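Peer 1: the sequence and its predicted three-dimensional model are supplied below.
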Amino acid sequence: MGRNLLIHGPIPGSSILSLLDEMGMKSDSGGHSLFVGQVRADEIEGKVVSAIEYSAYEGMVQAEANKIIQSILAEFDDVRSVDFFHSTGIVKAGGISLLVLVSAGHRKQAIEACSKTVELIKERLPVWKKEIYEDNSHSWK
Amino acid sequence: MGRNLLIHGPIPGSSILSLLDEMGMKSDSGGHSLFVGQVRADEIEGKVVSAIEYSAYEGMVQAEANKIIQSILAEFDDVRSVDFFHSTGIVKAGGISLLVLVSAGHRKQAIEACSKTVELIKERLPVWKKEIYEDNSHSWK
Amino acid sequence: MQVKVLFFGVLSEVAGTDCRHYMEVKSINDLKSRIIDEFPEIAHYNYRISLNSEIISSDRLLNENDEIALMPPFAGG
Amino acid sequence: MQVKVLFFGVLSEVAGTDCRHYMEVKSINDLKSRIIDEFPEIAHYNYRISLNSEIISSDRLLNENDEIALMPPFAGG
């Protein structure tokens, strides 16, 4: 991945479109699986989440992302590319905080590898989140 | 689904964006799983696929689509919405012929239900395809 | 009494058309015989039959304006 | 001799900062003692330690300009 995977604030729809445009150039791919993670206006103990503030260990995040991508490419031989973006800073409820795109020759590996990539991001990417409630109180997750 | 799920020719990126815009209004969803099916420039017995021509039984396709959607909503209790589009007519290699979007409260059911929806579409949607090769010969699939 | 028959996928090529009307056919089995008489090659293909958009697996009596489709295995996606 | 310590997630709130420098610390264990002396509440949290962006699970000797991070469980996505 040549670009910066961390995006300040919510991930704009245009990032998704530009990834889709790149797809069009890879006519050897038959299936693309995308996962879009959105901040949910959850109610927790009577308080509604209004936003999440993400922080990342920026000096470590790219190296961990590369390890995740290499591990997916090693496990799934039909996968042609793995890309993802994660927000830092504040993302309001309804905003997109994670975008994962996996392209493969066929649908099966595209879908499985995308699901596995999301799991690895949650497990290994040095990112933390602070839930901010409508009353301006907060809680670390 | 109020709109027509059959789209003549390749599915434009703008359809994907408009689905994503609708997502933004559902802040009770936490995960969206998309599958994008693309026509692959496969080489088959020395001939390269230049396009696929899809035909559908239009009088039956919407009823089958509704059954697919109802079956997914019944199986996955965290799923909030299921939408998909399929091309009819000619889609050149590199063009998008299938778009599936499933939104759920949490990622696990979004991903599983999207994968299941793709399988049901292949199994139940009355759609046929004719592979057209670069030498203008063709083969029904 | 007339029914409409739709030919999909490879069968539209075998029949040379995607739609034909048949007169005075009593049942699905009767209709199948008529179609195979006309297009013997269709007998070599694997297909399902729908009657008014519902897939059926046994014989049925036909009524005026029924729509029957001959459907090879689906290949969407 | 000086090292840099980064506090992430809830630990940045407990420490009241996301970055501090410590002088004359020989090892990770030595550093941990110093941090806990200063912020005793940190002992109640679950966290991993990285040294120059690599997660470590045993003691290490420290060198000038090393970067150490205290990382609660990741919560991306």
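Peer 2: That came through fine.
Peer 1: what are the pairing partners of the biggest strand by length in chain A, and which direction each?
Peer 2: When chain A is scanned for its longest strand (criterion: DSSP state E), the result is strand A:79-92. Partners of strand A:79-92 in the sheet, by DSSP bridges, are strand A:6-8 (parallel), strand A:47-56 (antiparallel), strand A:96-104 (antiparallel).
Peer 1: nearest to B:Ile7, out of those?
Peer 2: Among the strands paired with strand A:79-92, the nearest to B:Ile7 by CB to CB is strand A:96-104 (21.2 Å). Where you see a C-beta, it was placed from the backbone N, CA and C, and this is true even at glycine.
Peer 1: run the chain-centre distance for that closest one.
Peer 2: 6 Å (CA atoms, centre = their mean, to the nearest Å).
Peer 1: pLDDT on the longest strand of chain A, on average?
Peer 2: Mean pLDDT, strand A:79-92: 96.
Peer 1: dump that strand to PDB, restricted to CA.
Peer 2: In PDB, the C-alpha atoms belonging to strand A:79-92 read as follows (Å, rounded to 0.1, in the frame of the first residue of the first chain):
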ATOM      1  CA  VAL A  79      -6.300 -12.900  -3.600                       C
ATOM      2  CA  ARG A  80      -4.900 -10.200  -5.900                       C
ATOM      3  CA  SER A  81      -4.900  -7.200  -3.500                       C
ATOM      4  CA  VAL A  82      -5.700  -6.100   0.000                       C
ATOM      5  CA  ASP A  83      -6.300  -2.500   0.900                       C
ATOM      6  CA  PHE A  84      -7.600  -0.800   4.000                       C
ATOM      7  CA  PHE A  85      -8.100   2.600   5.700                       C
ATOM      8  CA  HIS A  86      -8.800   3.400   9.300                       C
ATOM      9  CA  SER A  87      -9.800   6.700  10.900                       C
ATOM     10  CA  THR A  88      -8.000   8.600  13.500                       C
ATOM     11  CA  GLY A  89      -9.500  11.400  15.500                       C
ATOM     12  CA  ILE A  90     -13.200  12.000  15.900                       C
ATOM     13  CA  VAL A  91     -15.800  10.200  13.900                       C
ATOM     14  CA  LYS A  92     -19.500  11.000  14.600                       C
END
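Peer 1: buried sites along it?
Peer 2: Using 16 or more other CB atoms under 10 Å in any protein chain shown as the test for burial, strand A:79-92 gives A:79-91.
Peer 1: mind putting those in JSON lines, distance to A:Asn66 included?
Peer 2: Compiled in JSON lines, the buried residues of strand A:79-92 are given as follows (distance: CB to CB, whole Å):
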{"residue": "A:Val79", "distance to A:Asn66": "15"}
{"residue": "A:Arg80", "distance to A:Asn66": "17"}
{"residue": "A:Ser81", "distance to A:Asn66": "13"}
{"residue": "A:Val82", "distance to A:Asn66": "10"}
{"residue": "A:Asp83", "distance to A:Asn66": "12"}
{"residue": "A:Phe84", "distance to A:Asn66": "11"}
{"residue": "A:Phe85", "distance to A:Asn66": "15"}
{"residue": "A:His86", "distance to A:Asn66": "14"}
{"residue": "A:Ser87", "distance to A:Asn66": "19"}
{"residue": "A:Thr88", "distance to A:Asn66": "18"}
{"residue": "A:Gly89", "distance to A:Asn66": "23"}
{"residue": "A:Ile90", "distance to A:Asn66": "27"}
{"residue": "A:Val91", "distance to A:Asn66": "24"}
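Peer 1: how about those residues, which pair is most distant?
Peer 2: Maximum pairwise distance among those (CB to CB): 34.1 Å, between A:Arg80 and A:Ile90.
Peer 1: all the helices of chain A, in order from the start?
Peer 2: Shown for chain A, the helices assigned by DSSP state H span residues A:13-24, A:58-75, A:107-124.
Peer 1: looking at the ones you listed, which one is packed in the most?
Peer 2: Mean neighbour count, computed with mean count of other CB atoms under 10 Å in any protein chain shown, is highest for helix A:107-124 among the helices of chain A, reaching a mean of 21.
Peer 1: which residues of chain C lie near chain A?
Peer 2: Counting by CB under 8 Å from any CB of the partner chain, chain C comes close to chain A at C:Gly77.
Peer 1: in a markdown table, list the strands paired with strand A:79-92 along with mean neighbour count.
Peer 2: Converted to a markdown table, those look like this (neighbours: other CB atoms under 10 Å in any protein chain shown):
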| stretch | mean neighbour count |
| --- | --- |
| strand A:6-8 | 17 |
| strand A:47-56 | 19 |
| strand A:96-104 | 25 |
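Peer 1: how close does the residue in chain A positioned nearest to chain C get to B:Ile96?
Peer 2: Ranked by CB to the nearest CB, the top residue of chain A for proximity to chain C is A:Arg107, at 7.4 Å. Computed as CB to CB, to the nearest Å, the A:Arg107 to B:Ile96 distance reads 13 Å.
Peer 1: contact partners for A:Ile52?
Peer 2: By CB atoms under 8 Å, 6 or more residues apart in numbering or on different chains, the contact list for A:Ile52 reads A:Val39, A:Ile90, A:Val91, A:Ser97, A:Lys129, A:Lys130, A:Glu131, A:Ile132.
Peer 1: and the residue of chain C closest to chain A?
Peer 2: Counting by CB to the nearest CB, chain C gets nearest chain A through C:Gly77, at 7.4 Å.
Peer 1: any idea how far that residue is from chain D?
Peer 2: Distance from C:Gly77 to chain D, counting by CB to the nearest CB, to the nearest Å: 28 Å.
Peer 1: could you find the closest non-adjacent residue to that residue?
Peer 2: B:Lys122 (4.6 Å; CB to CB, 6 or more residues apart in numbering or on different chains).
Peer 1: per-residue pLDDT of that neighbour, please?
Peer 2: Reading off the confidence values, B:Lys122 has pLDDT 96.
Peer 1: that one contacts C:Phe74, doesn't it?
Peer 2: Yes - counting by CB atoms under 8 Å, B:Lys122 does reach C:Phe74; the two are 7.1 Å apart.
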